[in-house]
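Participant: can you look at this prediction? I've put the sequence above it.
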Amino acid sequence: MKPQKTDSFYDKIYAAVQQIPPGCVATYGQIAALAGNGGAARAVGNALHKNPLPGVIPCHRVVNAKGRLAPHFAFGGTGRQRSLLEAEGVEVRGEYVDLGRFQWRSQ
DNA sequence: GCTATGACCTAAT
DNA sequence: AATTAGGCCATAG
């Protein structure tokens, strides 16, 4: 049997994003993998775009495979994100983040 | 079940 | 560097 206590994949995605520790960032593919579907990066992006739980989901910790922030953000823009990430200790270069140093990984 | 959408990924032009 | 094209997946109507 499967310990499935959620209904939609989106719900897992939101949970995965909330699991991201401060000072770290995760890629869409990583969130998709945590949600149980590696490769569903697109679904992850859609889930966050809908952002049903603003203020609860730290979307600013989610970046794409290149460590780049989204072109648009439900928070007000990438500039807004840059401030939040830097505030947590993440070095942001324009719209890019150093994945080799701040990408969230199992410790 | 099909169509349309999307904050993705990669390659090609 | 920017745009286009194809591929991948899930959701909503």
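Facilitator: Here it is on my side, so go on. What you are looking at is a predicted structure, and each value in this text was computed from that prediction instead of being measured. Residues are numbered from 1 along each chain as shown, chains lettered A, B, ... in the order given.

Participant: which of the helices and strands in chain A ranks last by mean pLDDT?
Facilitator: Using mean pLDDT, DSSP states H and E, helix A:78-88 stands out as the lowest-scoring helix or strand of chain A, at a mean of 88.

Participant: now for that one, which elements pack on it?
Facilitator: Identification of packing neighbours for helix A:78-88 by 3 or more CB pairs under 8 Å, 6 or more residues apart in numbering; DSSP states H and E yields strand A:92-93. No exception for glycine: its C-beta is placed from N, CA and C like everyone else's.

Participant: rewinding a little: export the least confident helix or strand of chain A as CSV, just CAs?
Facilitator: Provided in CSV are the C-alpha atoms of helix A:78-88 (Å, rounded to 0.1, in the frame of the first residue of the first chain):
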residue,chain,number,x,y,z
THR,A,78,12.7,38.8,-9.3
GLY,A,79,14.1,41.9,-7.6
ARG,A,80,11.8,41.1,-4.7
GLN,A,81,13.1,37.6,-4.7
ARG,A,82,16.7,38.6,-4.8
SER,A,83,16.2,40.5,-1.6
LEU,A,84,14.6,37.5,0.1
LEU,A,85,17.3,35.1,-0.9
GLU,A,86,20.1,37.4,0.0
ALA,A,87,18.4,38.0,3.3
GLU,A,88,18.7,34.3,4.0
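
Participant: which parts of that helix are buried?
Facilitator: A:78, A:81-82, A:84-85, A:88 (16 or more other CB atoms under 10 Å).

Participant: got it, and stretch A:25-37?
Facilitator: A:25-28, A:30-35.
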